[in-house]
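> I'd like to go over a predicted model; first the sequence, then the structure.
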Amino acid sequence: MENFVAYNPTKLHFGKDVLNDLGNTVEPYGKKVLLIYGRGSIKRNGIYQKVISQLKSIQATVFEYSGIRPNPVIEDVDAAAELGRKHQVDLVLAVGGGSVIDSAKIISITIPVQTSGWDFYNGTIKPKTAISLITVLTLAATGSEMNPFAVVQNNSTKEKLGWGNDLLYPRHSFLDPQNTFSVPKDYTAYGIADLMAHCLEAYFGEGEAPLSDRFVYAIMKEAIIYGPPLLDDLENYSLRANIMYAATAALNKLTMYGRVSGDWGVHSAGHVLSLLYDIPHGASLSIIYPAWLKLQRERIPERITTLGKNIFGVNNPDDTIKSFESFFHRIDCPISLSAFGIGADKKEDIMKVMIHNNVTGNHHKLTREDYSRLIDLFI
């Protein structure tokens, strides 16, 4: 087991009606709030009204930036940061799923500087301070509510990158499973695929960490047990709660302690599909993970088999891979690009963007030959 430092400063407020304490939580940070959200679903499902009511209760002044996209772009980050800078806000409040929270994280470190948030991604500058961030989660998937990572897309440079810094941890995150009742069946399923992929990225990272492996098994079993019945009963509080907690635990570093790193090669490849075809993040992962396992089948058969034994009770790499494909099929997540009408004629386009984005894993490095084989396996 590798040396590690366990650190997670985010205070998680989990459960029914926890949003009733939002105002009291916000107040110590200041009265000028930059509210970040997506394309309006929070207004249709009533969450916006609850948030505004809480902010009014402390006489907060609210500046709003809406329209964050499911695959968030740097232009929105920079525009929202400029709004926050103009009004000298005290706090960023993100209400939404992973795309909104990821955007808000970069907004929080961009407000104090006179530059684009992309400069943090390309290494031009390093953050020195951040505006305090509080989140209200509305989609169980990315785990962004309790980690220091953010993924943003730059369409002008054809890049979609993940980046992390301890300044990106939210101060508080509010998780009420009721706030996910309105998430439709397909995006609920994509969230389940996403949390499973986060577990797999940790599991296939570098280093021996048996207890962290057992955390991976337990979290994935939560998804396998509670995911399918949830898709048939979208307003079941208990099922929503189980999946919401599992998604948070899948990427709050719990599964990473004792490792050198996770792998993240599948996420790197998945970002290319989202960049090119605006495919939902979780769907890109369910497409690529079985293909990646097939690519690695002869290289790490024991590791894949151990995973299969502990998750599905199977005893070889092929059955492990088939079990993942079967589960993704069971929850209506795609396992090939053909589900989005994309065929082999797009292989060259995908290859070019993979090369441009230097798609690879931290532990299992991918070559250009691997790109070609991987694409053939998922296209």
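Sure thing, it's come through.
> what comes up buried for stretch 49-59?
50-52, 54-55, 58 (16 or more other CB atoms under 10 Å). In short, each C-beta sits where N, CA and C put it, glycine included.
> identify all contacting residues around that stretch.
Residues from elsewhere that reach stretch 49-59 (CB atoms under 8 Å, 6 or more residues apart in numbering): 19-20, 22-24, 26-27, 31, 33, 35, 42-43, 62, 93, 95, 136.
> give me the buried subset of the residues you listed.
Judged by 16+ other CB under 10 Å, buried ones among those: 19, 22-23, 26-27, 33, 35, 42, 93, 95, 136.
> what residues are up against residue 265?
Residue 265 neighbours (CB under 8 Å, 6+ apart): 292, 359-362, 364-366.
> one step back: between the buried ones among the contacts of stretch 49-59, which is nearest residue 79?
Residue 79 lies nearest to residue 35 out of these, by CB to CB, at 14.1 Å.
> surely residue 132 touches residue 29?
Yes: contact criterion CB atoms under 8 Å: residue 132 and residue 29 qualify, at 4.7 Å.
> tell me which element the closest residue to residue 69 other than its chain neighbours is part of?
Nearest non-adjacent residue to residue 69, counting by CB to CB, 6 or more residues apart in numbering: residue 99, 6.5 Å away. Element membership of residue 99 [criterion: DSSP states H and E] is helix 98-110.
> list the helices and strands that helix packs on?
If contacts are counted by 3 or more CB pairs under 8 Å, 6 or more residues apart in numbering; DSSP states H and E, helix 98-110 sits against strand 32-36, helix 74-87, strand 91-96, helix 118-121, strand 132-137, strand 149-154.
> could you identify which of these is most buried?
Burial of the helices and strands packed on helix 98-110 is given as mean neighbour count (mean count of other CB atoms under 10 Å); strand 91-96 ranks first at a mean of 28.
> that one pairs with which strands, parallel or anti?
Strand pairing for strand 91-96, using DSSP bridges, gives strand 32-36 (parallel), strand 132-137 (parallel).
> got the angle between the longest one and helix 98-110?
What that stands for is strand 132-137. Computed by axes from the mean of the first three to the mean of the last three CA atoms, to 10 degrees, the angle separating strand 132-137 from helix 98-110 equals 180 degrees.
> strand 132-137 - what's its average pLDDT?
What strand 132-137 shows for mean pLDDT is 98.
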